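Student: here you go, sequence then predicted model.
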Amino acid sequence: MRTLTLEDLRALITHESMPCVSMYMPTRRGGSAEDKTRYNSLLNRARDLVRPTCKPQQLEHLMAPLEELSQDEIWSNALDGMAIFRAEGFVAVYPVPLAVEELCLVANSFHIRPLLRYLQSNEPYFLLNLSQNRVSLFKGSAYGLGPVELPTLPRSMSDALGAAQRDNPPSLHPGKQTPSPAPVAHGNGKDDSVRDEDLHHFLRQVDKALYEFLRDETAPLVVAATERIAAAFERVSRYPHLLHEHVGGSFANARIEDLQARAWPLVQKFAEARLTEAKGRYGDLISRKRAVDELSAIASFAVQGRVRDLLVDRDAHLWGRMDRATGMVEIHPGKPGPLDDDVLDDIAEAVLLRGGQVLTLAKDQMPTRSPVAACLRW
């Protein structure tokens with residue numbers, strides 16, 4: 001059992017063996033007898049849903065790890081909700097710090113939409129602590145920061161400039177308008193006295209290491225640095241998700257907790273702006289017929305890779321099935337049956353697999369009365 005990450009979500013989306021059992025339940029922090037009773041009820045529901053899809057021997061094999069969990073110590077580590085997944089060759093348990101609706105589904109894919117709300121509130125991000133004497137990279141979320149080991153990342157400016165720089169540290173360059181050599185100051189602090197040429201070379205080396213490491217990432221990157229270094233790094237950085245706002249100051253000896261406290265509000269602001277931007281984009285594109293809120297059309301566009309932004313009512317369900325090749329949907333009113341999934345979940349998975357953005361909203365935040373809306377790429 002571990003904290004859910006974006007990589008875990010991708011593993012759930014791309015898992016191929018069927019049937020896939022998805023179980024969600026609210027829990028009490030630290031666990032309770034009620035949690036185990038609720039879980040045993042979900043187990044019975046899962047067994048009933050799996051039974052029509054496989055032979056008795058396969059049923060027992062599939063359910064065995066789930067049965068064992070009822071006696072496991074995972075419940076003592078419970079938070080506000082629990083997400084449990086099981087398929088052939090796969091079992092995963094994730095405690096999540098937000099309440100989830102009790103749900104049990106057996107379908108051709110895992111049900112992941114409740115996790116999107118969690119990840120959306122727990123925005124992953126990177127933080128680059130950047131100064132003349134120390135460079136370090138961290139990965140964080142709402143719950144803290146952890147160091148990232150990146151061997152190609154220069155550890156300091158002298159490391160980037162090489163042995164000659166270490167033996168002959170840069171001197172301040174003279175001012176042009178003075179009769180005798182005098183240092184020209186660049187702002188405040190020791191980092192601001194570095195020559196522009198050396199600083200540029202240093203930051204290019206940092207960017208090179210980061211670009212190779214982050215090129216497939218979409219998480220925001222926050223820089224903790226002086227004004228001058230942060231501005232200079234923004235000019236050379238090729239990472240498209242670098243935040244314009246930075247944590248200002250020199251943090252060579254800062255505690256991780258202090259960096260997290262300064263960086264997380266910037267990440268939250270970024271997440272809120274992204275949601276506002278997507279809703280605004282929907283309003284702008286609807287008149288140009290590049291935004292839609294009709295379920296069948298969105299499903300078709302999703303499997304074609306045409307959906308840029310998908311906005312979904314986080315509490316809505318549409319039970320049924322979606323053809324993952326054509327996007328054709330079939331809605332089954334009432335409770336989900338064997339191999340039924342939430343079609344809204346299937347659409348969200350299709351969008352994520354094709355590089356689109358999925359945002360979950362409360363019903364009163366949706367830009368339309370439909371439980372789903374999409375902005376198209378073309």
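Tutor: Looks like it arrived, so ask away. The structure displayed is predicted, hence computed values, not measured ones.
Student: tell me the pLDDT at residue 182?
Tutor: You'll see residue 182 listed with a pLDDT of 34.
Student: also residue 88?
Tutor: The predicted local confidence for residue 88 is 94.
Student: contact partners for it?
Tutor: Applying C-beta atoms under 8 Å, 6 or more residues apart in numbering, we find residue 88 in contact with 17, 18, 62. Bear in mind the C-beta positions are built from the backbone N, C-alpha and C, glycine included.
Student: where does the second one fall, phi/psi-wise?
Tutor: The one in question is residue 18. Listed backbone geometry of residue 18 is phi -130, psi 160, with angles given as degrees, to the nearest 10.
Student: so what's residue 268 up against?
Tutor: For residue 268, the set of contacting residues under the criterion of C-beta under 8 Å, 6+ apart consists of residue 123.
Student: could you pull up phi and psi at it?
Tutor: Backbone torsions of residue 268, given as degrees, to the nearest 10, read phi -60, psi -40.
Student: go on, residue 225?
Tutor: Residue 225 adopts backbone torsions of phi -170, psi 170, taken as degrees, to the nearest 10.
Student: gap between it and residue 261?
Tutor: For residue 225, the distance to residue 261 equals 17 Å [C-beta to C-beta, to the nearest Å].
Student: the more surrounded of these two?
Tutor: For the pair residue 225 and residue 261, the greater number of neighbours falls to residue 225 (25 against 12), based on other C-beta atoms under 10 Å.
Student: does the more buried one touch residue 130 like I think?
Tutor: Yes. Between residue 225 and residue 130 a contact is recorded at 4.2 Å, counting by C-beta atoms under 8 Å.
Student: joint contacts of the two?
Tutor: Common neighbours of residue 225 and residue 130 are listed as residue 233 (criterion: C-beta under 8 Å, 6+ apart).
Student: now the helix or strand residue 64 falls within, how far from the centre of its chain.
Tutor: When elements are defined using DSSP states H and E, residue 64 is found to belong to helix 56-69. Distance, stretch centre to chain centre, for helix 56-69: 31 Å (C-alpha atoms, centre = their mean, to the nearest Å).
Student: what are the buried residues along it?
Tutor: Using 16 or more other C-beta atoms under 10 Å as the test for burial, helix 56-69 gives 59, 62, 63, 66, 69.
Student: what lies in contact with that helix?
Tutor: Helix 56-69 has contacts (C-beta under 8 Å, 6+ apart) with 19, 21, 23, 39, 43, 46-47, 50-51, 54, 84, 86-88, 91, 93.
Student: how about a cut-off of 7 Å?
Tutor: Under the contact criterion C-beta atoms under 7 Å, 6 or more residues apart in numbering, helix 56-69 has outside partners 43, 46, 47, 50, 51, 54, 84, 86, 88, 91, 93.
Student: over to stretch 327-334?
Tutor: Residues outside stretch 327-334 that contact it (C-beta under 7 Å, 6+ apart): 295-296, 299-300, 302-303, 318-322, 340, 343.
Student: also stretch 350-363?
Tutor: The contact list for stretch 350-363, computed with C-beta under 7 Å, 6+ apart, reads 13, 113, 116-117, 120, 275, 278, 302-303, 305, 307-315, 324, 348.
Student: give the buried subset of these as a PyMOL selection command.
Tutor: The PyMOL selection below is limited to those of the contacts of stretch 350-363 classed as buried (16+ other C-beta under 10 Å):
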select buried, resi 113+116+117+120+275+278+302+303+307+308+309+310+311+312+313+314+324+348
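Student: can you tell me which of the contacts of stretch 350-363 are in strands?
Tutor: Within those, residues falling in strands by DSSP state E are 307, 308, 309, 310, 311, 312, 313.
Student: I'd say the last one and residue 371 touch.
Tutor: Yes. With contact taken as C-beta atoms under 7 Å, residue 313 and residue 371 are classed as touching, separated by 3.9 Å.
Student: give me the common contacts of those two.
Tutor: With contacts defined as C-beta under 7 Å, 6+ apart, no residue is adjacent to both residue 313 and residue 371.
Student: strands paired with the one helix or strand residue 320 maps to, and their directions?
Tutor: For residue 320, the enclosing helix or strand under DSSP H and E is strand 319-322. Neighbouring strands of strand 319-322 in its sheet, by DSSP bridges, are strand 329-331 (antiparallel), strand 341-342 (antiparallel).
Student: lowest-confidence stretch among the ones you listed?
Tutor: Looking at the strands paired with strand 319-322, the lowest mean pLDDT belongs to strand 341-342 (a mean of 92).
Student: what sits up against that one?
Tutor: 105, 107, 109, 111, 113, 317, 318, 319, 321.
Student: rerun at 6 Å
Tutor: Contacts of strand 341-342 from elsewhere in the structure, counted by C-beta atoms under 6 Å, 6 or more residues apart in numbering, are 105, 107, 317.
Student: neighbour-wise, give me the winner out of these.
Tutor: Within the contacts of strand 341-342, residue 105 tops the neighbour count with 25 neighbours, counted by other C-beta under 10 Å.
Student: pull out the buried residues from the contacts of helix 56-69.
Tutor: Burial by neighbour count, 16+ other C-beta under 10 Å: within these this picks out 43, 46, 47, 50, 54, 84, 86, 91, 93.
Student: lowest pLDDT pick from those?
Tutor: Looking across the buried ones among the contacts of helix 56-69, the weakest pLDDT belongs to residue 54, with 89.
Student: distance of that one from residue 125?
Tutor: From residue 54 over to residue 125 the distance is 42 Å, taken as C-beta to C-beta.
Student: not counting sequence-adjacent ones, nearest residue to residue 83?
Tutor: Across the structure, with C-beta to C-beta, 6 or more residues apart in numbering as the measure, the residue nearest residue 83 apart from its sequence neighbours is residue 94 (4.6 Å).
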